[in-house]
Every structure is written in C-alpha cells, then in structure tokens.
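Trainee: dropping the sequence and predicted coords here.
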Amino acid sequence: MNVQGYVSTFGFLAQGVLLILFNLPVLIFASVNTKQRCYYGVLLMSLINGLIMGVVSIGYSIFRLIVDSQGRSHDTVPIYQCFYNVS
C-alpha cells in the first residue's frame, strides 16, 4: 500500500473515533429523560446518524487494512466476502 492509502485508511479510523467520541456523550445526555427527548428530537436523529457513520468509518478502515495486508488492494471484493474470515 502506498502512502496515500495509509493516510486515507488511518484518516477513516481517526474520523470514526472522533465521531463516536463527540456524538455518544451528547446523545446520552440528550436522551436521559422524556422531556429532553421531545425537545431534542431532531438533534437525537442527527447524533444517531453521526454515531452510525463513525462505526461505518471504523469498519471501512479495518476492511482496507485487511485487504491491503493481503496484497489485494487493487482487486474488487464483492460485498458478501467482506464478512468472511480472511485469516
């Protein structure tokens, strides 16, 4: 893998970690009681979306590291092979 690949992969990892770290505490605070859930409904949906995107970003960076470590960085990988054990 070239330098750009490493920067991109670890960029996705850092982005995912930051999304989770910044969205999770606010999500917990905003959903503590029923009154706050009514007031912050749209914010909650946005925070859940950010949390999901953080998990997806971390998963994508792990996927790229696994594929690149096997030397298959230029191969196309079907979606069903993403869930196989590639050890």
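Mentor: Good, I have the coordinates. Not measured: the values here are computed from a predicted model.
Trainee: contacts only, for L65.
Mentor: L65 makes contacts with T9, as judged by CB atoms under 8 Å, 6 or more residues apart in numbering. For the C-beta atoms, the positions are set from N, CA and C on the backbone; glycine is no exception.
Trainee: where does it sit, in terms of helix or strand?
Mentor: helix 41-69 (DSSP states H and E).
Trainee: next one: R37
Mentor: Per DSSP H and E: helix 34-39 holds R37.
Trainee: re the thing from before, what mean pLDDT does the helix holding L65 get?
Mentor: Helix 41-69 carries an average pLDDT of 91.
Trainee: ditto for stretch 2-15
Mentor: pLDDT averaged over stretch 2-15 gives 85.
Trainee: circling back to that earlier point, distance from the helix holding L65 to the middle of the chain?
Mentor: Computed by CA atoms, centre = their mean, to the nearest Å, the chain-centroid distance of helix 41-69 equals 2 Å.
Trainee: which helices and strands sit right next to the helix holding R37?
Mentor: With contacts defined as 3 or more CB pairs under 8 Å, 6 or more residues apart in numbering; DSSP states H and E, the packing partners of helix 34-39 are helix 3-30.
Trainee: which of the residues in the helix holding R37 are buried?
Mentor: Within helix 34-39, no residue is scored as buried using 16 or more other CB atoms under 10 Å.
Trainee: burial of F12, as a residue count?
Mentor: 20 (other CB atoms under 10 Å).
Trainee: give the contact list for the spatially closest residue to it that is not a sequence neighbour.
Mentor: In this structure, F12 finds its nearest non-sequential neighbour in S61, 3.9 Å apart by CB to CB, 6 or more residues apart in numbering. Contacts for S61 were tallied using CB under 8 Å, 6+ apart; they are 9-10, 12-13, 16.
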